[in-house]
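Undergrad: I'll drop the sequence and a predicted model, then ask my questions.
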There are 2 protein chains.
Amino acid sequence: MILPVDDPDDPRIAEFVSVRERDLVGRRGRYIAEGEVVLRLAASRPDHRLRALLLSERGARGLADLLPGLDAPVYVARQAVMDAIVGFPIHRGMLGLVEPPPAPDPAALLAGLAPEARVVGLLGITNHDNVGGIFRNAAAFGAAAILLDAACCDPLYRKAIRVSVGASLIVPFARVADGADMLRRLDAAGFSVRALSPSGAMRLSDYRPAGRTAVLFGTEGPGLPADLLAATPTLSIPMAPGFDSLNVATTSGIVLHHLAAR
Amino acid sequence: MILPVDDPDDPRIAEFVSVRERDLVGRRGRYIAEGEVVLRLAASRPDHRLRALLLSERGARGLADLLPGLDAPVYVARQAVMDAIVGFPIHRGMLGLVEPPPAPDPAALLAGLAPEARVVGLLGITNHDNVGGIFRNAAAFGAAAILLDAACCDPLYRKAIRVSVGASLIVPFARVADGADMLRRLDAAGFSVRALSPSGAMRLSDYRPAGRTAVLFGTEGPGLPADLLAATPTLSIPMAPGFDSLNVATTSGIVLHHLAAR
């Protein structure tokens, strides 16, 4: 259903007004899919429902093959009107409002995984680039799920989705309360858990995973909490003297590559 | 030499005016060091010369131990004046104008490296986050040098330095003309060269480096040029079916970790 929009104040497209400001207050369980790759991915996921599209005329041409099959209103505006609606020049001219599946129960998610499943646990990771990068790596290396504590930012935040190249829509994830809750649930599901730490007891390259395996990552500065490190076998990535600094998303790529290569 | 500045139009601090716009036109062989970590690093490098500092009052307090030993003017402004000079709210209140050492000749740089040196070669990498991330990984895993073709962006661009956490000031780098020039110079210096490619002949995890080793990285989309891939043994990082997408900085971390762990 193609619906022309000429007025940036049209109430039908209120959900797309001032996208960046709206990002900050949240969208009550919906997310914004931006650009062709993410929009096509969202449309292809049976568990994600496209609720509305806002496209520039050029954007509508780029998705022409997709639009007839959609059960959602498709608002099409001139580029200048679309820029005025979203609040910045949106060159790619493609936005979708999407309803993701309900957040899974962490216990049910873990229980359904394969005997050799790899799971990533994130604690206190509040940077959207890092969360998006970790999801991208998890998808690339076939991780089965990601657990996030309550302090982590939302993987379905617009920028996190973009950095993940859509992996936030692919890799199942669930929230847990905190590190203790995460450890308890992983243990209950039979996972062998390792925590990344600069002072880890075993080098990552010496680690041979077996069975269900989870690896936990904390923030770049403070790292994982001391009580969690005390309760979990630790892995380290040796670095050059005087420069022991790795980005946490890069670290997740190194770890997941190691796990996938075994 | 502490010099108060009250007027954003003071001609003495012209080099710090409108930092972002000035980034785009370049600084004739100088660079901007931003924030405490990078500024202290620049001050500690004997081959980098601090030419001027612009600090907020709080910034000056944060560097109080460093200032007496500096042979450069230190301009100190109130936060509002500093914001007006640089053109955005600069919360950390610390900027330095620094002269790096002359760019080394690539042949001389390579000739001076150790028998087991690891070198990174970059082709067509124009994104400052990626170049900064690759330098950070190179420093963390002890790579001896980085070669960049003419298309790569400047590792001493402000954002690249910030993302590198200062590694752009630590890891020696040199420019070459293009991929053919890079291969010729690495070959002349006795380097065994490998190129990263999604369709690479050997899995990275099976690769055992020996002697001087260089690994080449191209852009995420098009990858390395076909003629270069035809002339160089290739390595691949196997990924999940349907999601063969890794960030190039993350890829460099995975590769350099593998080389360092052998």
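TA: Everything's here; your move.

Undergrad: Where do the strands of chain A begin and end?
TA: Listed in chain order, the strands of chain A (DSSP state E) span A:2-5, A:31-34, A:49-56, A:74-77, A:94-99, A:118-122, A:145-148, A:173-175, A:192-196, A:202-203, A:213-217, A:234-236.

Undergrad: Looking at those strands, which is nearest to chain B?
TA: strand A:202-203 (7.3 Å; C-beta to the nearest C-beta). Where C-beta positions appear, they are placed from N, C-alpha and C, glycine not excepted.

Undergrad: could you give the mean pLDDT of the closest one?
TA: Across strand A:202-203, the average pLDDT comes to 96.

Undergrad: other SSEs contacting that strand?
TA: Secondary-structure packing of strand A:202-203 (3 or more C-beta pairs under 8 Å, 6 or more residues apart in numbering or on different chains; DSSP states H and E): strand A:234-236.

Undergrad: who touches A:A240 in this structure?
TA: Applying C-beta atoms under 8 Å, 6 or more residues apart in numbering or on different chains, we find A:A240 in contact with B:139-142.

Undergrad: May I see the residues you listed organised as TSV, with distance to chain A and pLDDT added?
TA: What follows is the contacts of A:A240, written out as TSV (distance: C-beta to the nearest C-beta, whole Å; pLDDT from 0 to 100):
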residue	distance to chain A	pLDDT
B:A139	4	97
B:A140	5	97
B:F141	7	97
B:G142	4	96
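
Undergrad: okay, these in a markdown table with neighbour count next?
TA: Shown next, in a markdown table, are these (neighbours: other C-beta atoms under 10 Å in any protein chain shown):
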| residue | neighbour count |
| --- | --- |
| B:A139 | 26 |
| B:A140 | 25 |
| B:F141 | 25 |
| B:G142 | 18 |
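
Undergrad: want to try TSV for the strands of chain A, with mean neighbour count as columns?
TA: Below are these laid out as TSV (neighbours: other C-beta under 10 Å):
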stretch	mean neighbour count
strand A:2-5	14
strand A:31-34	24
strand A:49-56	22
strand A:74-77	22
strand A:94-99	24
strand A:118-122	25
strand A:145-148	24
strand A:173-175	19
strand A:192-196	21
strand A:202-203	12
strand A:213-217	25
strand A:234-236	19
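
Undergrad: rewinding a little: could I get the contacts of A:A240 as CSV with distance to A:R162?
TA: Compiled in CSV, these are given as follows (distance: C-beta to C-beta, whole Å):
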residue, distance to A:R162
B:A139, 27
B:A140, 26
B:F141, 28
B:G142, 33
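
Undergrad: if you look at those, which of them are in helices?
TA: Per DSSP state H, helices hold the following members of those: B:139-140.

Undergrad: between the contacts of A:A240, which is closest to A:R175?
TA: B:A140 (31.0 Å; C-beta to C-beta).

Undergrad: Name the residues of chain A found near chain B, please.
TA: Residues of chain A that fall close to chain B, judged by C-beta under 8 Å from any C-beta of the partner chain: A:133, A:136-137, A:139-142, A:165, A:167, A:170, A:203-205, A:237-240, A:243-247, A:249-251, A:253-254, A:257, A:260-261.

Undergrad: Which ones among those residues lie within helices?
TA: Assignment to helices by DSSP H places the following of those there: A:133, A:136-137, A:139-140, A:249-251, A:253-254, A:257, A:260-261.

Undergrad: Of those, keep whichever come out buried.
TA: Neighbour counting with 16 or more other C-beta atoms under 10 Å in any protein chain shown marks A:133, A:136-137, A:139-140, A:249-251, A:253-254, A:257, A:260 as buried within those.

Undergrad: just those now: which is nearest A:P233?
TA: So of those, ranked by how close each gets to A:P233 (C-beta to C-beta), first place is A:T251, at 16.9 Å.

Undergrad: gap between that closest one and A:L259?
TA: Distance of A:T251 to A:L259, given as C-beta to C-beta, to the nearest Å: 13 Å.

Undergrad: A:F135 too?
TA: For A:F135, the distance to A:L259 equals 16 Å [C-beta to C-beta].

Undergrad: Comparing those two, which residue is more hemmed in?
TA: Set side by side, A:F135 and A:L259 show more neighbours around A:F135, with 30 against 21, by other C-beta atoms under 10 Å in any protein chain shown.

Undergrad: Contact partners for that one?
TA: Contact analysis of A:F135 by C-beta under 8 Å, 6+ apart lists A:146, A:155, A:160, A:164, A:167-168, A:170-171, A:173.

Undergrad: Just the buried ones from those?
TA: By neighbour count, with 16+ other C-beta under 10 Å, these hold A:146, A:155, A:160, A:164, A:167-168, A:170-171, A:173 as buried.

Undergrad: biggest separation within these, which pair?
TA: Between any two of these (C-beta to C-beta), the greatest distance is 13.0 Å, for A:A160 and A:I170.

Undergrad: How far does stretch A:19-35 sit from its chain's centre?
TA: From the chain centre to the centre of stretch A:19-35 is a distance of 14 Å (C-alpha atoms, centre = their mean, to the nearest Å).

Undergrad: What about A:P241, how many residues nearby?
TA: 7.

Undergrad: Any figure for the gap between it and B:A114?
TA: To B:A114, A:P241 is 15 Å away according to C-beta to C-beta.

Undergrad: From chain B, how far off is A:G62?
TA: 17 Å (C-beta to the nearest C-beta, to the nearest Å).

Undergrad: just checking, A:R194 touches A:L235?
TA: Yes. Counting by C-beta atoms under 8 Å, A:L235 is a contact partner of A:R194 at 5.0 Å.

Undergrad: hey, what's in contact with both of the two?
TA: With contacts taken as C-beta under 8 Å, 6+ apart, A:R194 and A:L235 have A:207, A:215 as neighbours in common.

Undergrad: A:F191 reaches A:V215, doesn't it?
TA: No. Taking contacts as C-beta under 8 Å, A:F191 lies outside contact range of A:V215: 9.9 Å.

Undergrad: Identify the contacts common to those two.
TA: Counting by C-beta under 8 Å, 6+ apart, the contacts common to A:F191 and A:V215 are A:V119.

Undergrad: quick one: contacts for A:L39?
TA: With contact set as C-beta under 8 Å, 6+ apart, A:L39 has these partners: A:33, A:53, A:63, A:66, A:94, A:96.

Undergrad: ok, now how distant is the third one from A:E36?
TA: Distance, A:L63 to A:E36, using C-beta to C-beta: 7 Å.

Undergrad: which of the two has more neighbours?
TA: Remark: of A:L63 and A:E36, A:L63 carries more neighbours, 19 against 15, as counted by other C-beta under 10 Å.

Undergrad: give me phi/psi at that one?
TA: The phi/psi pair for A:L63 (degrees, to the nearest 10) reads phi -110, psi 20.

Undergrad: how much space between it and B:F243?
TA: Distance, A:L63 to B:F243, using C-beta to C-beta: 21 Å.

Undergrad: okay, now the closest residue to A:R20 other than its chain neighbours: neighbour count?
TA: In space, and not counting its chain neighbours, A:R20 is closest to A:G87: 6.1 Å by C-beta to C-beta, 6 or more residues apart in numbering or on different chains. By the criterion of other C-beta under 10 Å, A:G87 has 15 neighbours.
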